[in-house]
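> Sequence first, then the predicted structure:
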Amino acid sequence: MDRGRRPGPALLCIDHPPHPARASLYSLIRCTWLRPRASANRPEVVIVPSARPIGPSTGQALQFAEAYASEDIVLQTARSLAHELGLDSVTPAVGSVLRLLAAAGSAKAVVEIGTGAGVSGVWLLRGMRDGVLTTIDVENEHQRVARRIFVEAGFAASRTRIITGRALDVLPRLADGAYDLVFVDADVTEVGACADAALRLLRPGGVLLVNGALAGGRISDPAARDVDTLTIRETVRSIRESEEWIPAIVPSGAGLLAAVKR
């Protein structure tokens, strides 16, 4: 025994389970430091139960998340033009996630499937670190609007490669492992095939994002057996079970399936 060393304080923890009717995430725990000599003023740490259990997000919380992602006049204009064209654009909260993940991965090469009026494209470009956004859409009219929006947002024409055509015809022409992020906002019937193509296109560590992953709120309803819901459900399931992806569902907007390629 080292006689020159004074014994340090010991930690005594006594667990007092809360009443069953008041059970929460934490039990009430009192921790007292015991010192070699008794002291009338021993410090005490108390961890109390949470005031109420943690539950799902409320409508107000989701509204706050959408409002938190503010949009400037360019995005507001793009959203208005999309509405006139009868298009559903990503919500501001989803757009902010696109920007965040593009920035987090220092993305320079991004593929967007579904140009629309340019709303999601602007969000992606604002997160990218230079580089080129390759955006694909079957409607040339929509892309003409998006092209103007990209210019209004301050991006040089060289920052975008706008391809008109069906995604499943265009994707095979893109290089293997050359992209940092692939965003799929395509026709539901093509979502699964686009996700499969993304596995080839992405580098290791690249990110796949699929919009509409909650299938309009029907994704967890076993009674929902329509083709669109079944297609999305199968895509979500196959990515979750694949060893080649690290996936998560982001419950913003119409739902965003995010997956990182191993």
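Good, I have the coordinates. Residues are numbered from 1 along each chain as shown.

> Check the spacing between Ala61 and Ala67 real quick.
Counting by Cβ to Cβ, to the nearest Å, the gap between Ala61 and Ala67 amounts to 11 Å. (Glycine included, C-beta is placed from N, CA and C.)

> Ignore what I typed, I meant Ser96.
With distances defined as Cβ to Cβ, the gap from Ser96 to Ala67 amounts to 11 Å.

> cool, and Ile149?
When Cβ to Cβ is applied, the distance between Ile149 and Ala67 equals 22 Å.

> which one of these two has more residues nearby?
Counting neighbours by other Cβ atoms under 10 Å for Ile149 and for Ala67 shows that Ile149 has the greater number, 24 against 10.

> for this protein, what spans make up the strands?
Under the criterion DSSP state E, strands of the chain are mapped to 10-16, 28-34, 44-47, 109-113, 132-137, 160-164, 179-184, 202-211, 245-250, 256-261.

> To Val236, which of those strands lies closest?
With Cβ to Cβ, the closest approach to Val236 among these belongs to strand 256-261: 5.9 Å.

> what distance separates that closest one from the centre of its chain?
Strand 256-261 sits 7 Å away from the centroid of its parent chain (Cα atoms, centre = their mean, to the nearest Å).

> Quickly run through the sheet partners of that strand, with directions.
Strand 256-261 has these partner strands in its sheet, going by DSSP bridges: strand 202-211 (antiparallel), strand 245-250 (antiparallel).

> Columns mean neighbour count, mean pLDDT and distance to Val188 on top of the ones you listed, output as a markdown table?
Converted to a markdown table, those look like this (neighbours: other Cβ atoms under 10 Å; pLDDT from 0 to 100; distance: least, Cβ to Cβ, whole Å):
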| stretch | mean neighbour count | mean pLDDT | distance to Val188 |
| --- | --- | --- | --- |
| strand 202-211 | 21 | 98 | 10 |
| strand 245-250 | 16 | 98 | 17 |
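
> Distance to Leu100 for those - can I get that in TSV?
Formatted as TSV, those follow (distance: least, Cβ to Cβ, whole Å):
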stretch	distance to Leu100
strand 202-211	11
strand 245-250	10
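
> So for Ala107, which of the ones you listed sits nearest?
Each of these was checked against Ala107 via Cβ to Cβ, and the shortest separation belongs to strand 202-211, namely 7.9 Å.

> Let me know the angle separating the closest one from strand 179-184.
20 degrees (axes from the mean of the first three to the mean of the last three Cα atoms, to 10 degrees).

> Contacts for strand 202-211, please.
Strand 202-211 is contacted by residues 90, 94, 97-98, 101, 105, 107, 114, 120, 177-185, 191, 194-195, 198-199, 235, 239, 245, 253-262 when judged by Cβ atoms under 8 Å, 6 or more residues apart in numbering.

> one more time with 7 Å, if that's ok
Around strand 202-211, the neighbours that count as contacts under Cβ atoms under 7 Å, 6 or more residues apart in numbering are 90, 94, 98, 101, 105, 177, 179-185, 191, 195, 198, 235, 254, 256-262.

> thinking Thr164 is in contact with Gln143, fair?
Yes. Contact criterion Cβ atoms under 7 Å: Thr164 and Gln143 qualify, at 6.0 Å.
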